[in-house]
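[1] what follows is a predicted structure for the sequence shown.
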Amino acid sequence: MRTSRSDLSWPARPAGADPCRPGLSNPRAEILRLLGFAGLAAAMTLASVPAPRALDATARTPVPEKTYRSAKDALRAGVREYNAGDKEGAARALEYAAGQGHALALWKLGRMYADGDGVPHDDLKAFEYFSRIADAGTDDAPDAQISGVTASAFNALGAYFLDGIKGTYVRPNPARAYDMFNYAASYFGDPNAQYNLARLYLEGTGVDADARQAARWFNLAAEKGHHPAQALLGDILVNGMGGVPVQRVRGLMWLALAREGAQGRKDEWIVTLYEKNWAAASEDDRADAQAQMQTVGSIKRRR
């Protein structure tokens, strides 16, 4: 079952994550811009969930001849050359590090190919680089320094599995997309994955529709400051969708927080959703929602 969103101007689900449009977390371009070389995500709360395999194919991008002392040396060179604007040189260095299994190099190359950033746009190559991160295995607690990269790779794979990659062996497979998002959401506590997983439950894509599960995952992401999750959670609570009890004040609070964090055209749907629900609310509910919003903001600032 697919939930109609035509009257709410909700974002379309990602064409492969455009891995981020504001749909299934952002769809492919957004999921793929989650991390940069600077400031990788800190360690997250981990849950015991077996890692799904992303890919059974053995095709791999050829690795250039060794010209670096180590994978770390190649990674440093790749970062330096990328920041200096030599993206072709960066790709060569990163390919060496990726050939040694360096997760950050694999992730950065995947992102470069997905975006056509200094290399020809190639979603299949991006998929295979992300798959190598996923297939490396993370049954033990992952290194905190690469946990954000790994979660991002699972997110990107989920987005690709949603719609497939035209003209390749990667076919649309919503059930596999569910596996990828569920793993990143549960094991890494990643808010983008939690949002994407909630969207699957809300729409009944790759899993039975379940508004309560959708609200649960939206809430986890919303509490981490994920504005699209805040907006959709707020809409569910204000209107009591799918058996979720109506909580108008709390729903309006989440919508107001989402509206406060909305940025540019990509978040216009958040503004529309907020205005629709806010206009229909009573003055008392609006006042209570604003009071709750200030309390939540005060708690977050003290953390």
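    Received it, and whenever you're ready, just let me know what you need.
[2] dump the residue contacts of Gly206.
    If a contact means Cβ atoms under 8 Å, 6 or more residues apart in numbering, then Gly206 has Leu162, Pro174, Ala175, Arg176, Ala177, Tyr178, Leu200 as its contacts. Backbone N, C-alpha and C define where each C-beta goes, glycine included.
[3] torsion angles phi and psi at Asp86?
    Main-chain torsions, Asp86, degrees, to the nearest 10: phi -90, psi 80.
[4] quick one: buried ones out of the contacts of Gly206?
    The neighbour count (16 or more other Cβ atoms under 10 Å) marks Leu162, Pro174, Arg176, Ala177, Tyr178, Leu200 as buried among the contacts of Gly206.
[5] in JSON lines: these, plus distance to Ala280.
    Putting the buried ones among the contacts of Gly206 into JSON lines (distance: Cβ to Cβ, whole Å) gives the following:
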{"residue": "Leu162", "distance to Ala280": "32"}
{"residue": "Pro174", "distance to Ala280": "33"}
{"residue": "Arg176", "distance to Ala280": "39"}
{"residue": "Ala177", "distance to Ala280": "34"}
{"residue": "Tyr178", "distance to Ala280": "33"}
{"residue": "Leu200", "distance to Ala280": "28"}
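[6] now, which of those lie within strands?
    Per DSSP state E, strands hold no members of the buried ones among the contacts of Gly206.
[7] could you measure from the spatially most central residue of the chain over to Gln292?
    With distances taken as Cα atoms, centre = their mean, the chain has Asn192 as the residue nearest its mean C-alpha position (3.4 Å). Applying Cβ to Cβ, to the nearest Å, the value for Asn192 to Gln292 is 25 Å.
[8] ok, now Phe127?
    For Phe127, the distance to Gln292 - Cβ to Cβ - is 42 Å.
[9] thinking again about what came up before, wait, the residue nearest to the centre of the chain touches Gly225, no?
    No - applying Cβ atoms under 8 Å, one finds Asn192 not in contact with Gly225, separated by 11.5 Å.
[10] which parts of the stretch 1-150 of the chain are helices?
    27-31, 71-83, 87-99, 103-115, 123-135, 144-163 (DSSP state H, counting those that start in this stretch).
[11] quick one: closest of the ones you listed to Gly251.
    Gly251 sits nearest to helix 27-31 of all those, at 24.5 Å, using Cβ to Cβ.
[12] quick one: low-confidence ranges for this protein?
    1-66, 137-145, 297-303 (pLDDT under 70).
[13] please redo it, this time with the cut-off set to 80
    1-67, 137-145, 296-303 (pLDDT under 80).
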